[in-house]
Every structure is written in C-alpha cells, then in structure tokens.
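S.K.: Only the shape, not the letters, is given here:
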C-alpha cells in the first residue's frame, strides 16, 4: 500500500511538473507578444511594427534591448533586400535615361542606408552593458545614423517626382522604399524609447 501511494505521488508530481513546464512557454510567448504590442504603440506604424517583430517574440521576450536590436535588424534586412532589388534594376536596358538616373540615385541612397543601419546595429550590439555617459554616447550614435538612414530613404522617393516618372517602375521602387522607411521609423521610435529608459 505504501509503495502504491509512493508511486502515485511520484506520477502525480511528474505530471504536475510536466504540465507546469509546458504551460510556461505558452505564457512566456503570450507575455512576449503583449510586450511587443505595447512597445509598438509608441511607433508611427504600430500594426507594421507588431507584424514585423512578432515572429521574433521568443528571442525578444520582454527585453527592451532585444526588441530594439531586432527592430533594427528587421530594418537592415529590408534595406539590404531593397538594395539588391534596385541594383538589379540598374541592369535593365529598356529603362529611359531619366528613370535610370533616378534608379542610380536610389541605389546610392539605399547603399548609404544599409551602411548607416549596419553601423547602428553593430554599435547597439557591441555597446555592452554600458551606463551613464558611455551609454548616451553609443545610443546617440545609433539615433543619429538611423535618422540619417531615414532621410536617405525619403530622398530616393523624391527622385521619382513628376508625372513623367509614373508607372510600374516608380510604383515598385516607391513601395519598397516606403516599407524600409516605415520599419526604420519604427526602429527609431523604439531606439528613442530604449534610450529614454536608460
């Protein structure tokens, strides 16, 4: 009888601990998703912010620093993808001279954007647990470079102004640059929020 009670007790404890362990990731995932949603409310494009960061909820958890790094990483990845797209457009032969000029300007702008976002990501990743003046110096660099990257993205779209530049080419370039600008704007808002908390 004592043996059966002991076995029942052990099985019960194993079941309870297994149930608790399996429930923890679900609660953790919900908490991380809620953290992302709450953080994204401070951005200019909250729905895009949530959509672009939710896939990384398990790595973000509830870490403002990880959220900021991930937002910057998403921005950098989209900028790199756009750079590749624009580079391929420079190889098209049937593009009008004025359009090719605008495409080459955009390539230069997106190249600058990728460079600035890359520097920002490295600065944020490598600043370690710095505090005080050291933190402010690093985060100020990040804010400056991300702001400049945002300006680069908007400059490209301006190069396609005018009715002569309307068409599929303008639309596809504009859509990509607008998306990069929006995720970069969101990243900057999250960086600014992170900076203000430290």
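M.R.: Okay, I see it. No experiment lies behind these values; they were computed from the predicted model shown. Numbering: from 1, shown residues only.
S.K.: use CA for all of it now, contacts and neighbours both
M.R.: Noted.
S.K.: In the strand or helix carrying residue 177, which residues are buried?
M.R.: Using DSSP states H and E, residue 177 sits in helix 168-197. The neighbour-count check on helix 168-197 (16 or more other C-alpha atoms under 10 Å) flags 170, 173-174, 176-195 as buried.
S.K.: Equivalent analysis for stretch 47-62, please.
M.R.: 48, 49, 50, 53, 54, 56, 57, 60, 61, 62.
S.K.: Wait, the third one touches residue 35, no?
M.R.: This points to residue 50. No. With contact defined as C-alpha atoms under 8 Å, residue 50 does not reach residue 35; the gap is 9.9 Å.
S.K.: just checking, what packs against the helix holding residue 177?
M.R.: helix 2-40, helix 46-53, helix 64-89, helix 132-158 (3 or more C-alpha pairs under 8 Å, 6 or more residues apart in numbering; DSSP states H and E).
S.K.: so which of those helices gets nearest residue 106?
M.R.: helix 132-158 (4.7 Å; C-alpha to C-alpha).
S.K.: So for the closest one, what gets flagged as buried?
M.R.: Applying 16+ other C-alpha under 10 Å to helix 132-158 flags 135, 138-140, 142-143, 145-147, 149-150, 152-157 as buried.
S.K.: got the contact list for the spatially most central residue of the chain?
M.R.: In the chain, the C-alpha nearest the mean C-alpha coordinate belongs to residue 71, at 2.5 Å (C-alpha atoms, centre = their mean). Taking C-alpha atoms under 8 Å, 6 or more residues apart in numbering, we find residue 71 in contact with 53, 183, 184, 186, 187, 190.
S.K.: quick one: pLDDT of it?
M.R.: With respect to pLDDT, residue 71 scores 97.
S.K.: where's residue 186 relative to residue 94, distance?
M.R.: Distance, residue 186 to residue 94, by C-alpha to C-alpha, to the nearest Å: 36 Å.
S.K.: actually residue 71, sorry about that
M.R.: Residue 71 is 37 Å from residue 94, by C-alpha to C-alpha.
S.K.: now do residue 50
M.R.: Taking C-alpha to C-alpha, one finds residue 50 at 39 Å from residue 94.
S.K.: With residue 42 instead?
M.R.: Going from residue 42 to residue 94 by C-alpha to C-alpha gives 44 Å.
S.K.: Looking at those two, which is more packed in?
M.R.: A count of neighbours by other C-alpha atoms under 10 Å puts residue 42 above the other of residue 42 and residue 94, at 14 against 7.
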